[in-house]
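Asker: Using only what follows, build the 3D model:
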Amino acid sequence: MSKHGRILVAMSGGIDSSVAAVMLHDEGYEVIGMTMKTWDYAFSGGTKKETGCCSLDSINDARNIAVNLGFPHYILDIRAEFGDSVIDHFTNEYLEGRTPNPCVLCNTHIKWDALLRRADKLDCEHIATGHYANIRTENNRHIISKGIDEDKDQSYALWGISQQSLSRTIFPLGKLKKTEIRAYATERQFHELVNKSESYEICFVPDNDYRGFLKRRVPGLAESVKGGEFVLADGTVVGKHEGYPFYTVGQRKGLGIALGYPIFVSEIRKDKNQVVLSDLQGLARNGMWVDKLNMMKYETLPAPLDTITKVRYNDEGTPAIIQQIGDRIKVDFKINVASIAPGQAAVFYEGDDVIGGGWISSGYVQG
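Answerer: Numbering: from 1, shown residues only. Got it, this is the predicted structure:
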C-alpha cells in the first residue's frame, strides 16, 4: 500500500514532467505514468526533424523513467480529439482573422479531460502535471496561483481548467525553481533529462511555420486569399498582401512593404481581405472585451476589481479594472497596451492568484 495513494502523472518525456513523476514516487505515491499521443508528425508536413512531446524519442524517454523506478507507464492516443478540437480550432481561428492559442485550449479541453477519464479507470484519486504553478483551496474554490519561478510560471495557460478538474490536480513543481529541478534530476542520476533541450513551439507546427501549416491544411487557401489589400486605418490602400489569414495583430516582420517608418499589423478585416497597418501608436488600446469566461478565484466577480491583466503568454501584465457585464468582461487598462489580438487568452490576476480568464474578442480605444 502506498503512502499517499495512487496518482496518474502526465509525462511528456521532458525534464519537468519526468521530475514531477520522480518526486511523487519518492514521496510515496503509487505513480502511474501516462504519455499522450496528440498528433502525427507526418501529418504536419513540416521540414524540421521530429521533436517534442509526441515524438518516439519523448515517449521512450518517459517510459524509461517509469521502468527505472518500477511504476507502470501507458500511452494514451488522443489524436482524434486533439485534431477535432485543437487543430480545427487553430485553423478556423486564422480563417476568421483571429490569432489562436492552441496550448491553452489543449490544456483545458483535451489533456485534463483525457487524464481524468483514464484516472477513473485506473482508480487514481489525483492527476499531476509538470506545470510551474500552484494550487490551493479557499472559500470552497480551487485557485491556481503563479509558480515561484517567475521565468517559468505557467499559470497563464491554465486559466480554463474547471473547478471539478482542479479538485483532483496536483502541481509538484510549483514551489521550485528550474535550477532546483535540474539539481534534483542530477542528484537522482537522470542525466539525460538535464541535458535534454526544451521546445517552445506549437507541437503540431514543429517548424514554427504556421503559414505553411495552414496552406497544407486548407488546400487552395493561398490562391483564394492572395492579392488582398494592405490599408491604413483611414482606408488608404498602400499595397497588396498574401492573404489575411497569414498575418497577426502586432506583426512587423515579413510584411513585404515599406512606408518609410516602422509599421505593424493593427487589425485584420476578414470580410474585405484587408490587413490594416499602423505605426506603434496605432497599435495602442486602452480597453478590450473578453468572452467565453472561466472564473476561478470567485464564483461571481466583484465589480469593479483591480487586477493585473495579461494579454499573451509572455506578457508581464498591465494594471486594469475589470467588470463583468453579462457573460463578458470589460477591461479598462490604466496604461495603453499594444498588440491586443482577438483570439488570444486574457488572464486576470489578483496578486499571484488567477482570478480567471477568457478569450479576447476585441480591443478598443475610448476617450
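
Asker: hey, let's count contacts and neighbours off CA atoms from now on
Answerer: Fine.

Asker: Give me the pLDDT for Thr47.
Answerer: pLDDT, Thr47: 50.

Asker: Give me the buried stretch members for stretch 247-263, please.
Answerer: Tyr247, Thr248, Val249, Gly250, Arg252, Leu255, Ile263 (16 or more other CA atoms under 10 Å).

Asker: Which of the helices and strands in the protein ranks last by mean pLDDT?
Answerer: helix 41-44 (a mean of 56; mean pLDDT, DSSP states H and E).

Asker: Can you give me the first-to-last residue distance of stretch 173-193?
Answerer: 15 Å (CA to CA, to the nearest Å).

Asker: Flag every buried residue along it.
Answerer: Leu173, Gly174, Lys177, Lys178, Ile181, Arg182, Tyr184, Ala185, Phe190, Leu193.

Asker: Show me which pair in these is furthest apart.
Answerer: Greatest spatial distance in these: Gly174 and Phe190, 20.5 Å, computed using CA to CA.

Asker: mind checking the SS state of Ser17?
Answerer: The three-state assignment at Ser17 reads helix, by DSSP: H, G, I helix; E, B strand; the rest coil.

Asker: just use 549 as the starting number from now, easier for me
Answerer: All right, first residue 549 from here; so that's Ser565.

Asker: gap between it and Met571?
Answerer: 10 Å.

Asker: Have a look at the two and say which one is more surrounded.
Answerer: Using other CA atoms under 10 Å as the criterion, Ser565 and Met571 rank with Ser565 on top: 23 against 19.

Asker: In contact with the more buried one, which residues are there?
Answerer: Val557, Ala558, Met559, Thr677, Gly678, His679 (CA atoms under 8 Å, 6 or more residues apart in numbering).

Asker: got a winner among those residues for most neighbours?
Answerer: Compared across those, Met559 has the highest neighbour count, 32 neighbours, by other CA under 10 Å.

Asker: Verify the contact between that one and Asn612 for me.
Answerer: No - counting by CA atoms under 8 Å, Met559 sits too far from Asn612 to count as a contact (11.1 Å).

Asker: residue contacts, the closest residue to Ile623 other than its chain neighbours?
Answerer: Excluding the flanking residues, the one nearest Ile623 by CA to CA, 6 or more residues apart in numbering is Thr583, at 4.8 Å. By CA under 8 Å, 6+ apart, the residues touching Thr583 are Ala558, Met559, Ser560, Gly561, Ile607, Ala610, His621, Tyr622, Ile623, Leu624.

Asker: cutoff 7 Å now
Answerer: Applying CA atoms under 7 Å, 6 or more residues apart in numbering to Thr583 gives the contacts Ala558, Met559, Ser560, Ile607, Tyr622, Ile623, Leu624.

Asker: Could you pick out the buried ones from these?
Answerer: For those, buried by 16+ other CA under 10 Å: Ala558, Met559, Ser560, Ile607, Tyr622.

Asker: Ramachandran coordinates for Val579?
Answerer: Per-residue torsions, Val579: phi -90, psi 140 (degrees, to the nearest 10).

Asker: any idea where the strands of the stretch 599-748 of the chain begin and end?
Answerer: Secondary structure of the stretch 599-748 of the chain (DSSP state E, counting those that start in this stretch): strands at 621-625, 674-676, 681-686, 689-694, 717-718.

Asker: nearest to Leu780, of those?
Answerer: Using CA to CA, these put strand 689-694 closest to Leu780, at 39.7 Å.
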